[in-house]
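Engineer: I would like to see how this sequence folds:
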Amino acid sequence: MAKAASNLASSSVSSLREAFTGLKSLKARYSTAATTAASSRTIHTWRKAIYLYPFQGVLRLLPPAAVLAAGLLIRAYFAPFTVGSDVVQFAGFADSVHRHGLCFYKYAGGENAEAEGWAYPWPFPYGPLAVALLAVARLLAPGAVEKVGEWVYAPPDWIVASKALFIAFDTAVAVLIYSNGAGWPTWRRTAAMALYYLNPAVIYTSAIYGMLDPLPAALLIAALRLRGGFWAGALLGLAAATKLNAAPAALFAALASPSLRLAAGFAAGALVPVMPFEAACPGSLLAWVHAALSVASPGYNPPVVYSFNGVTTLATYLHEKTGGDYLWAIRAWWVAAAAAYAPLLLVARRAGPLASAYLAYLAYTATYWRVNYQYFLLLAGLAALHIAAPGVSRAEKAVSLAHLAAVALWPFLYPVSWWARVHVKEPNEAVATALDAVSLKLLDPEVYVAYSLALTALAYVALAAHYRRWFKRINP
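Structural biologist: This is a model prediction of the structure:
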């Protein structure tokens with residue numbers, strides 16, 4: 001019996017040994033298989049990296065390159081065959097620069113229009129950078145402006161040269177928006193670029209009508225990329241001096257990150273470019289200020305189809321319809337402006353340069369008595385960056401997008417093909433027809449009064465949504 005028990009125990013131990021040995025063998029086989037699979041995956045990953053590494057940078061650039069290509073194709077199609085009245089006037093300004101050189105600002109007032117041979121009695125309120133660039137463009141395109149009765153025609157070479165200047169800076173804005181998003185995912189940076197560069201309001205301003213607004217926009221957004229310091233301040237000052245409607249955005253961007261170096265740069269950027277004019281022709285600085293102030297006096301702003309402050313548009317419409325005096329409403333624009341800017345003074349440093357610049361310019365387009373459509377180009381650039389920036393709430397993004405979409409609606413209401421005919425002696429009917437095909441061609445003033453009021457109301461809603469968040473952070 002004892003012997004049987006001993007044999008049973010010995011057999012059990014042997015069975016356990018065999019089972020344990022089998023388990024060790026199985027583990028070894030599994031470990032070998034796992035190591036082989038891991039090695040295979042590693043080799044595959046390295047092969048993939050080796051093959052794709054040279055192209056990864058290129059692949060990342062494909063989406064923004066596609067946006068730029070699409071935007072440039074649209075601009076190239078319309079630019080040579082459409083032109084606004086300001087481009088015609090710029091030819092006269094540039095001719096005056098060639099005649100008077102650094103004494104140009106002495107002749108920049110509207111009262112000199114007839115003597116200088118300008119198409120319209122409009123002054124030149126822009127800064128020295130605009131003077132220099134228009135003068136260079138005119139050297140490349142010296143064709144004469146032609147007057148036939150009441151019609152004024154722009155020379156084809158000048159249309160192309162001036163539009164090339166505007167589109168170059170317009171494209172620079174798009175690239176700078178992408179650059180400002182360094183550290184963001186590629187899709188976010190590309191979306192911000194597309195929101196600006198494919199915006200109908202932007203395309204209209206740079207490629208169809210033609211205006212100087214891409215210049216200060218590029219300078220201001222380049223300053224935001226530098227994130228403080230002397231040169232950022234210099235670019236902000238130069239942007240404010242180039243076109244004065246950019247001044248609120250530039251000033252509040254500077255206030256959001258104050259420093260002595262930035263303040264010194266701002267002063268230098270605003271004043272140094274005009275010093276050669278002042279040195280060569282004393283009084284040029286005052287003449288420039290006079291020209292700028294001559295267009296700043298509040299008044300009615302006809303036609304209402306091209307007026308984008310709701311209060312001014314309504315007052316102008318009522319005055320034209322009834323003959324009543326509604327100037328008091330327009331002259332009180334500063335009351336709304338004070339109410340819109342006061343909260344921003346309190347939160348600018350917390351909000352940062354980008355948000356402060358965007359909100360300041362949004363307040364400007366909501367409150368200033370005269371808002372022209374080209375002013376929205378800078379707003380589109382700042383809004384695109386702001387909407388894409390991390391930390392902006394969904395509600396703020398939504399209301400900013402709604403406002404930007406409302407801005408982009410206008411070229412589809414107005415018969416924009418007018419600019420393919422009125423200053424082009426031999427219109428390209430294919431281009432004019434293409435513009436007509438996407439336009440409702442509305443001229444009813446009531447439509448534009450309602451549109452302008454809605455646009456202004458949306459701007460106030462956007463301001464309120466943003467201020468609410470910043471004041472909640474101050475007083476949680």
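
Engineer: ok, for Tyr460, nearest residue in space, not its chain neighbours?
Structural biologist: Spatially, and ignoring its direct neighbours in sequence, Tyr460 is nearest to Ala366 (5.6 Å; C-beta to C-beta, 6 or more residues apart in numbering). (C-beta placed from N, C-alpha, C; glycine too.)

Engineer: cool, and Trp470?
Structural biologist: Counting by C-beta to C-beta, 6+ apart, Val347 is the residue found nearest to Trp470 once chain neighbours are left out, at 4.0 Å.

Engineer: so which elements touch the host helix or strand of the one you found?
Structural biologist: Per DSSP states H and E, Val347 falls inside helix 333-367. In terms of contacts (3 or more C-beta pairs under 8 Å, 6 or more residues apart in numbering; DSSP states H and E), helix 333-367 is packed against helix 214-226, helix 247-256, helix 310-322, helix 376-388, helix 445-474.

Engineer: could you list the buried residues of that helix?
Structural biologist: By neighbour count with 16 or more other C-beta atoms under 10 Å, helix 333-367 contains the buried residues 333, 336-337, 340-341, 343-344, 347-348, 351-367.

Engineer: likewise stretch 215-230?
Structural biologist: If you call a residue buried by 16+ other C-beta under 10 Å, then stretch 215-230 has these buried ones: 215-224, 226, 228, 230.

Engineer: over to stretch 142-150?
Structural biologist: Buried residues in stretch 142-150, counted by 16+ other C-beta under 10 Å: Val145.

Engineer: same check, this time on stretch 320-328
Structural biologist: Tyr326.

Engineer: how long is that stretch end to end?
Structural biologist: End-to-end span of stretch 320-328 (C-alpha to C-alpha, to the nearest Å): 15 Å.

Engineer: what lies in contact with that stretch?
Structural biologist: Contacts to stretch 320-328, defined as C-beta atoms under 8 Å, 6 or more residues apart in numbering, come from residues 298-300, 302, 304, 314-316, 318-319, 445.

Engineer: what does stretch 262-272 give?
Structural biologist: Here stretch 262-272 makes contact (C-beta under 8 Å, 6+ apart) with 228-241, 250, 254.

Engineer: list only buried entries from those.
Structural biologist: In the contacts of stretch 262-272, burial by neighbour count holds for 228, 230-241, 250, 254, counting by 16+ other C-beta under 10 Å.

Engineer: quick check: which ranges of the stretch 351-476 of the chain have low pLDDT?
Structural biologist: 472-476 (pLDDT under 70).

Engineer: with the stretch 51-200 of the chain instead?
Structural biologist: Confidence mapping of the stretch 51-200 of the chain against pLDDT under 70 gives the ranges 51-57.

Engineer: all helices for it, in order.
Structural biologist: In the stretch 51-200 of the chain, the segments counted as helices under DSSP state H, counting those that start in this stretch are 85-100, 113-116, 128-140, 156-180, 186-197, 200-203.

Engineer: make a markdown table from the ones you listed and add distance to Val422 and mean neighbour count to it.
Structural biologist: What follows is those, written out as a markdown table (distance: least, C-beta to C-beta, whole Å; neighbours: other C-beta atoms under 10 Å):
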| stretch | distance to Val422 | mean neighbour count |
| --- | --- | --- |
| helix 85-100 | 8 | 21 |
| helix 113-116 | 19 | 13 |
| helix 128-140 | 21 | 18 |
| helix 156-180 | 13 | 21 |
| helix 186-197 | 27 | 21 |
| helix 200-203 | 19 | 23 |
